[in-house]
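Engineer: what shape does this take:
(chains A and B)
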Number of protein chains: 2
Amino acid sequence: MLPLASKEKIKFIKSLQLRKNRQKDQSFLVEGSKSVIELLRSDFLVTYLLVSKLFYQTHFTLLEPYLSRIYMVKSDTLDKIGSFKTNNAAIAVAKITPNLPLKINKNEFSLALDGIKDPGNLGSMIRIADWYGISKVIVSKSTADIYNPKVIAATMGSFTRVKVFYTDLSAFIREVNVEVFGAFLEGTNLHEVKFGNEGLIVIGNESTGISSEIEQHIQNKITVPGFGGAESLNAAMSTAVICDNLRRCQGSDFPSIARK
Amino acid sequence: MLPLASKEKIKFIKSLQLRKNRQKDQSFLVEGSKSVIELLRSDFLVTYLLVSKLFYQTHFTLLEPYLSRIYMVKSDTLDKIGSFKTNNAAIAVAKITPNLPLKINKNEFSLALDGIKDPGNLGSMIRIADWYGISKVIVSKSTADIYNPKVIAATMGSFTRVKVFYTDLSAFIREVNVEVFGAFLEGTNLHEVKFGNEGLIVIGNESTGISSEIEQHIQNKITVPGFGGAESLNAAMSTAVICDNLRRCQGSDFPSIARK
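Structural biologist: Below you'll find the predicted structure:
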């Protein structure tokens, strides 16, 4: 029989919805069945698990190594504790991993985000990076917090595979020794861009785009070609389209981690 | 001096957040500066406009023809009336346009959506269609309501240009006389698909994909190639990537309504 979560524990877990509490305790929330399962299969240190009876019974083998850290809650209380509207499965608390030294390898493309504000967009972009085999996302300090529960949820588990680095993006881009591509409304038609084997793709803020400070360090301005009446494409959609064009351009040069 | 909106009017406008009230009155809400401006420039019949003083002063020329239908509200009450968290600009009420007869023209690609449930996804897909010059989106009756305020907001004004048709999608696809492409997790690599000048692209539900009833009428199964660890790409992202590949494939055969 699993112990019930105490009021203090629930209060602490709730408190991690706020950034200041996440920073204080260097912990963050992971919610819902899919994300919690991916978390348990990853290298993250999991400190608490709140589970419904059904989730516990269904995933007993996966949960067994964590027994001393699992608490049972009534399934209708999980949505009161976390940020999800409905959650009848699980909430986990994991430790924030210390920032690794940021290093761009040869023969690798990375993504850089300049001031993405919407948690759903940031999470989607991490999921896109993961889909396209991009393992590093470098973000400006003005970008939303990767550990915001809404960002974690939108990554659909990809936060366990893609490393996110907060840095002075302008200084980083000034010094990086790979080709830098930036998404602008006026640039070379993406369909005509020749991507090599390594580089950095910069995506700017949802409303204001790439900041002028960073723009001056970008050699290659690229544009997702439009054909209709819409003024713009959402920043996450543009990221997906650019990454698809990147991998298409690399063709058989990029088969090593191909999905199938 | 503009009249203030009465309590009854505000109550009526609020009620349009619910589908049953939208259907009863054949009216829907449009919120925020950008969407309201695009609405006023479109053919939709606008019946009421609630505006803040600032919005009224800034857009007086655009608003002038609507003077008899404009009411002033305090800027901090717009978010209480509509669905936006913050809105200091305007809310409009417009009439739902009667369904036009659905007809697919020669030399045209359309989008078909089978059970898209998330309002943000549906709105994004309409915006994507607009960006890629697709003017018709045919949706199953199980798809979210296009007139849901969250869908309208996510289209970023594209609801004024893209026509959405609710229909028995299975029957429609069975009888349509163009090539039908469907997005599946196992299909021909999108980068190798040859799109012609006309056709239909089917995107399925966020979790369950295209229903088996519709699957049997799809000649061409296509897949957005993945290269990393993510299990799937969000349905709206896939739509953007597929539309980009479509227009790239058509190349100079599709320059007529090119953006620039």
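Engineer: could you find the closest non-adjacent residue to A:Ile173?
Structural biologist: The spatially closest residue to A:Ile173, leaving aside those adjacent along the chain, is A:His217, at 4.6 Å (Cβ to Cβ, 6 or more residues apart in numbering or on different chains). Every residue, glycine included, has its C-beta placed from N, CA and C.
Engineer: wait, A:Thr97
Structural biologist: A:Thr97's closest residue in space is A:Phe44 (Cβ to Cβ, 6+ apart), at 6.9 Å.
Engineer: so which helix or strand takes in the one you found?
Structural biologist: Per DSSP states H and E, A:Phe44 falls between elements, in no helix or strand.
Engineer: look up how far B:Arg69 lies from it.
Structural biologist: In this structure, A:Phe44 and B:Arg69 are 56 Å apart, going by Cβ to Cβ, to the nearest Å.
Engineer: return the distance of stretch A:178-190 from the chain's centre.
Structural biologist: 22 Å (Cα atoms, centre = their mean, to the nearest Å).
Engineer: which residues are contacting that stretch?
Structural biologist: Under the contact criterion Cβ atoms under 8 Å, 6 or more residues apart in numbering or on different chains, stretch A:178-190 has outside partners A:104, A:173, A:193, A:195-196, A:198-204, A:209-210, A:214-215, A:217-225, A:232, A:238-239, A:241-242, A:245, B:244.
Engineer: now A:Ser15: phi and psi?
Structural biologist: With angles defined as degrees, to the nearest 10, A:Ser15 sits at phi -60, psi -20.
Engineer: residues touching it, list them.
Structural biologist: Applying Cβ under 8 Å, 6+ apart, the residues contacting A:Ser15 are A:Asn21.
Engineer: circling back: burial measure for the residue nearest to A:Thr97, as a count.
Structural biologist: When neighbours are counted by other Cβ atoms under 10 Å in any protein chain shown, A:Phe44 registers 18.
Engineer: distance of it from chain B?
Structural biologist: From A:Phe44 across to chain B, the span is 15 Å (Cβ to the nearest Cβ, to the nearest Å).
Engineer: give me the distance between that residue and A:Arg19.
Structural biologist: A:Phe44 is 18 Å from A:Arg19, by Cβ to Cβ.
Engineer: with A:Leu49 instead?
Structural biologist: With Cβ to Cβ as the criterion, A:Leu49 and A:Arg19 are 22 Å apart.
Engineer: more neighbours: which of those two?
Structural biologist: Between A:Leu49 and A:Arg19, counted using other Cβ under 10 Å, the more crowded position is A:Leu49 (25 against 13).
Engineer: ok so that one is a helix residue?
Structural biologist: No - per DSSP: H, G, I helix; E, B strand; the rest coil, A:Leu49 lies outside any helix segment and is strand.
Engineer: next one: phi and psi at the residue lying closest to it once chain neighbours are set aside?
Structural biologist: Among residues not flanking A:Leu49 along the chain, A:Ile70 sits closest, at 4.6 Å (Cβ to Cβ, 6+ apart). Main-chain dihedrals, A:Ile70, degrees, to the nearest 10: phi -100, psi 140.
Engineer: just give me the neighbour total for A:Ile70.
Structural biologist: Residues near A:Ile70, counting by other Cβ under 10 Å: 19.
Engineer: ok, now the one 4 residues further on?
Structural biologist: Burial measure for A:Lys74: 11 neighbouring residues, criterion other Cβ under 10 Å.
Engineer: residues in contact with A:Ile218?
Structural biologist: By Cβ under 8 Å, 6+ apart, the neighbours of A:Ile218 are A:Ile173, A:Val180, A:Phe181, A:Gly182, A:Val202, A:Ile210.
Engineer: then the helix or strand harbouring A:Gln23 to CSV, C-alphas only?
Structural biologist: Under the criterion of DSSP H and E, A:Gln23 resides in helix A:19-25. Provided in CSV are the C-alpha atoms of helix A:19-25 (Å, rounded to 0.1, in the frame of the first residue of the first chain):
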residue,chain,number,x,y,z
ARG,A,19,9.6,30.2,-11.3
LYS,A,20,11.0,31.6,-8.1
ASN,A,21,10.2,28.4,-6.2
ARG,A,22,11.6,26.2,-9.0
GLN,A,23,14.8,28.2,-8.8
LYS,A,24,15.0,28.1,-5.0
ASP,A,25,14.6,24.3,-4.9
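Engineer: just checking, what packs against it?
Structural biologist: Helices and strands touching helix A:19-25, as assessed by 3 or more Cβ pairs under 8 Å, 6 or more residues apart in numbering or on different chains; DSSP states H and E, are absent.
Engineer: mind listing what's buried along the strand or helix carrying A:Leu39?
Structural biologist: Taking DSSP H and E as the definition, A:Leu39 sits inside helix A:33-40. Judged by neighbour count (16 or more other Cβ atoms under 10 Å in any protein chain shown), helix A:33-40 contains these buried residues: A:Ser33, A:Ser35, A:Val36, A:Ile37, A:Glu38, A:Leu39, A:Leu40.
Engineer: any idea which element the spatially closest residue to A:Val193 that is not a sequence neighbour lies in?
Structural biologist: In space, and not counting its chain neighbours, A:Val193 is closest to A:Ile222: 5.2 Å by Cβ to Cβ, 6+ apart. Taking DSSP H and E as the definition, one finds A:Ile222 inside strand A:220-223.
Engineer: which SS class is the closest residue to A:Trp131 other than its chain neighbours?
Structural biologist: Using Cβ to Cβ, 6+ apart and skipping residues adjacent in sequence, the residue nearest A:Trp131 is B:Ala230, 4.2 Å away. Counting by three-state DSSP, the backbone at B:Ala230 sits in coil.
Engineer: report how many residues lie close to B:Ala230.
Structural biologist: The burial count for B:Ala230: 23, using other Cβ under 10 Å.
Engineer: coming back round to it: quick one: which of the buried residues of helix A:33-40 is nearest chain B?
Structural biologist: The closest of these to chain B turns out to be A:Glu38 (Cβ to the nearest Cβ; 9.1 Å).
Engineer: fine, thanks again, bye for now.
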